[in-house]
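*Asks:* I would like the atomic coordinates for the input below:
(one chain, ligands or ions: 1)
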Amino acid sequence: MENSYSPYSGFQVGAAVLTKEGSIFKGTNIENAAYSPTICAERVAIAKAVSEGHKEFAAIAVTAKNSEGEEVMASPCGVCRQVMSEFCQDDFQIFLEEKGEIKEYSLAQILPLRFVKEVL
Ligand SMILES: [Zn+2]
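*Replies:* Numbering: from 1, shown residues only. Reported below is the predicted structural model:
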């Protein structure tokens, strides 16, 4: 989260994805003046892992601070959920921090009726 590049929103996000082999890849949000090229911390972490040959994941943890510097829960956006869906199963664990409390969700919980490659 400390490496967040978020000069426009001030919303700092950190993510760490755990592969099934036990490797951890970290990511942070990277904003852009044109807004659309902005990429979320979750997708940075997953992209780093995939680019290093890891395509099977067990869990991801996400933490964030708003522009006031307050810790807030950052639930993955729809695009990140779909990227998780590409590489992860229904039981993929998502850990979100809210006011010092860790909450656990599954991919099936946060993305029901997901669009999957098996239908193509
Ligand atoms: Zn996202």
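*Asks:* how about residue 64, what does it touch?
*Replies:* Residue 64 is in contact with 1, 11-14, 71-74, 97, counting by Cβ atoms under 8 Å, 6 or more residues apart in numbering. Bear in mind the C-beta positions are built from the backbone N, C-alpha and C, glycine included.
*Asks:* residues of the host helix or strand of it that come out buried?
*Replies:* Counting by DSSP states H and E, the element that carries residue 64 is strand 57-65. By 16 or more other Cβ atoms under 10 Å, the buried positions in strand 57-65 come out as 57, 59-65.
*Asks:* Look up how far the ion lies from the residue nearest to the spatial centre of the chain.
*Replies:* In the chain, the residue lying closest to the centroid (Cα atoms, centre = their mean) is residue 42, at 2.3 Å. Distance from residue 42 to the ion, counting by Cβ to the ion, to the nearest Å: 5 Å.
*Asks:* helix or strand for that residue, which one?
*Replies:* Going by DSSP H and E, residue 42 is part of helix 41-51.
*Asks:* Tell me which other helices or strands that helix touches.
*Replies:* strand 12-19, strand 24-28, strand 57-65, helix 78-87 (3 or more Cβ pairs under 8 Å, 6 or more residues apart in numbering; DSSP states H and E).
*Asks:* could you dump the buried residues of strand 57-65 to JSON lines with pLDDT and distance to the ion?
*Replies:* Conversion of the buried residues of strand 57-65 to JSON lines gives the following (pLDDT from 0 to 100; distance: Cβ to the ion, whole Å):
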{"residue": "57", "pLDDT": "98", "distance to the ion": "15"}
{"residue": "59", "pLDDT": "98", "distance to the ion": "17"}
{"residue": "60", "pLDDT": "98", "distance to the ion": "11"}
{"residue": "61", "pLDDT": "98", "distance to the ion": "14"}
{"residue": "62", "pLDDT": "97", "distance to the ion": "9"}
{"residue": "63", "pLDDT": "96", "distance to the ion": "14"}
{"residue": "64", "pLDDT": "96", "distance to the ion": "11"}
{"residue": "65", "pLDDT": "95", "distance to the ion": "16"}
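*Asks:* Perfect, I'm done here.
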